[in-house]
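Engineer: task: produce atomic coordinates for the following.
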Amino acid sequence: MRLSSFLLAVIILSTSGCSWFKDAIDETSGWSANQLYSEAKEKLNEKNYEKAIEYFEILQARYPFGRYAQQAELEIAYAYYKYEEPDLAIAAADRFIKVYPRHPNVDYAWYLKGLINYNRGKSIVGRFLPQEPAERDTFTMRAAYDDFSQLIKLYPNSIYAIDSAQRIIHLRNNMAEYEIHVADYYMRRKAYIAAANRGVYVIENYQRTPAVPDALVIMTRAYRKLGVDDLADDALRVLRLNYPDRPEVAWLEDPRGYEKARKEAQSWKFW
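Structural biologist: Just a heads-up that it's a prediction; the model follows:
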């Protein structure tokens with residue numbers, strides 16, 4: 001009896017789903033490609049993203065060839081992005097890039113992919129509990145970095161190139177800062193080798209970012225804890241030479257000053 005009820009529920013849901021889809025098809029019956037596109041764009045402007053996607057997909061199915069179908073693929077990617085479906089948005093952008101590699105707006109497809117990955121780390125929880133960008137997983141940051149880099153490489157004269165370059169700088173800084181957060185985590189747990197390695201990684205991969213002096217501080221402290229004084233001296237020498245105004249220079253050079261600073265600077269993230 002329970003099985004029969006379950007099957008009945010499935011049939012009802014399936015029937016209602018088919019009816020809903022059929023209503024959408026009937027609603028646009030006889031519409032030209034131009035009308036479908038115009039109506040879809042209107043829904044997009046009204047922020048009715050679900051309806052816009054529906055119209056664009058009907059347009060593609062009914063008129064698969066021509067400029068409206070091409071542009072619809074790009075519009076679908078944007079609509080999914082605004083509808084907060086990043087995976088579907090990127091899939092649509094990738095299809096556009098693959099199918100229309102010479103389209104005049106293909107640079108926008110790359111830019112849109114970058115934006116999607118740039119913003120997708122901002123979870124619903126993060127909207128209510130603000131999170132530092134550098135504390136997010138670097139996977140999406142790296143994906144965004146690659147998308148923006150590819151755009152600049154392929155389309156250096158694109159109108160999106162300048163904004164992409166600025167976002168790349170921001171992403172590099174955040175990825176470097178992420179490594180510092182991880183290194184600090186290791187320092188607090190006395191995993192000094194792991195902390196030093198993270199510092200070295202920043203020095204080797206993220207030159208000219210604000211995280212570099214922090215990496216040198218961590219390396220100096222970690223190597224001191226490990227008793228590798230020659231490497232600690234090298235890191236401190238580089239810190240002193242390039243960032244002489246950093247207060248950590250004096251603290252690290254004078255053990256008494258270091259201990260005093262450690263007690264006084266309770267909030268300092270590397271102490």
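
Engineer: list the buried residues of the top helix by length along the chain.
Structural biologist: In the chain, assigned by DSSP state H, the helix with the most residues is helix 161-188. Counting neighbours by 16 or more other C-beta atoms under 10 Å, one finds that the buried residues in helix 161-188 are 161, 164, 167-168, 170-180, 182-184, 186-187. Backbone N, C-alpha and C define where each C-beta goes, glycine included.

Engineer: ok, stretch 189-200 next?
Structural biologist: For stretch 189-200, a neighbour-count test (16+ other C-beta under 10 Å) marks 192, 194-200 as buried.

Engineer: with stretch 236-243 instead?
Structural biologist: Quick answer for stretch 236-243 (16+ other C-beta under 10 Å): 236, 238-240.

Engineer: also stretch 219-230?
Structural biologist: Those would be 219-224, for stretch 219-230 by 16+ other C-beta under 10 Å.

Engineer: list the ones among those residues that fall in helices.
Structural biologist: Those of the buried residues of stretch 219-230 lying in helices (DSSP H): 219-224.

Engineer: ok, the residue lying closest to Asp147 once chain neighbours are set aside - contacts?
Structural biologist: Distances taken as C-beta to C-beta, 6 or more residues apart in numbering place Gly114 nearest to Asp147, at 3.6 Å, with adjacent residues excluded. The contact partners of Gly114, taken as C-beta atoms under 8 Å, 6 or more residues apart in numbering, are 144, 147-148, 151, 164, 167.

Engineer: just the angle between the helix or strand where Gly114 lies and helix 161-188, please?
Structural biologist: Here Gly114, judged by DSSP states H and E, is contained in helix 106-120. Computed with axes from the mean of the first three to the mean of the last three C-alpha atoms, to 10 degrees, the direction of helix 106-120 lies at 30 degrees from that of helix 161-188.

Engineer: how many other residues sit next to Lys153?
Structural biologist: Using other C-beta atoms under 10 Å, Lys153 has 10 neighbouring residues.
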